[in-house]
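In: requesting a structural model of the entry that follows:
(one chain, ligands or ions: 2)
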Amino acid sequence: MKPNILAPSILAADCAILKEQIRQIEEGGAKYVHIDVMDGVFVPSLSFGIPIVKSLRKITDLTLDVHLMIIHPAKYIKPFAEAGADSITFHYESEDDTEEVIDLIKNAGCKVGLSIKPDTPVEDIYKYLDKIDMLLVMTVQPGFGGQEYIPESTMRIAQARQYIDSHGLNCDIEVDGGIHDHIARTVIEVGANVIVAGSAIFGGDAKANCEKYVRVLDSTVKGEVL
Ligand code: DX5
Ligand code: ZN
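Out: Ligands and ions are numbered 1, 2, ... in the order given. As a prediction, the model looks like this:
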């Protein structure tokens, strides 16, 4: 069985001491750094871009997990890959052709992630699940950190996991938004294995918070689905 992975979201980090924050999550047992990219169009807010990926690449070997919340991902795949992204996730609801963006990410040598917003039916992306490495099921409306987990997400994760497993596919399920440690347990039990957390990690002692999550992640296994 795949190990569960913690992916702290630096949207909630203190960028004035970002290097230090990265060290803290490394020491706390995180394996990914989740980098939220927002364009002010796909979501109302603006956040990080290519330069931060380039800078992070110089200071860490953690997997750089880029989450593009942008309306036109296609033209930015190559620059993010060249900057050092390991994994690039884009939104099914963006305006570019899904298959084309999947191919661009693959050809750029990165792991392919596809994300769905909370209102998008899970069935809509079934046909892409054999072409991607990771499905990101948003558990809040994308755009801001610190929101409450949407409870209906649990069934959506279970539905995706059941499809993936019953079709013999090898696809991670990442969850993002409002994943506090007790919710981490729930989402893992229904089949998520990459856990994003922002404010719950960087809202206090990042190392200690990562350790707390890692304990939960290591002690929770996927249960019977549905
Ligand atoms: C929201 C972002 C998330 C966000 C999660 O649109 O995609 O990655 O940073 O933050 P928390 O864990 O605080 O909900
Ligand atoms: Zn995110």
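In: interface residues of the protein facing ligand 2?
Out: Within reach of ligand 2 by Cβ under 5 Å from the ion, the chain has these residues: 36, 67, 176. Glycine gets a C-beta too; all of them are placed from N, C-alpha and C.
In: contacts only, for the last one.
Out: Right, Asp176. The contact partners of Asp176, by Cβ atoms under 8 Å, 6 or more residues apart in numbering, come to 9, 34, 67, 115, 136-140, 142, 196.
In: max pairwise distance over those residues: which two?
Out: Greatest spatial distance among the contacts of Asp176 (Cβ to Cβ): Ser9 and Val137, at 15.0 Å.
In: and the closest residue to ligand 1 within the chain, what does it touch?
Out: Nearest residue of the chain to ligand 1: Gly198, at 2.9 Å (Cβ to the nearest ligand atom). By Cβ under 8 Å, 6+ apart, the contact list for Gly198 reads 8-12, 34, 145-146.
In: state the pLDDT value of the closest residue to ligand 2 within the chain.
Out: Proximity to ligand 2, evaluated over the chain using Cβ to the ion, is greatest for His67 at 3.8 Å. His67 is assigned a predicted lDDT (pLDDT) of 98.
In: same deal with Gly84?
Out: Predicted confidence (pLDDT) for Gly84: 98.
In: you'd agree it is up against Leu56?
Out: Yes - judged on Cβ atoms under 8 Å, Gly84 makes contact with Leu56 at a distance of 7.2 Å.
In: show me which of these two is the more surrounded one.
Out: Using other Cβ atoms under 10 Å, the more surrounded residue of Gly84 and Leu56 is Leu56, with 21 against 17.
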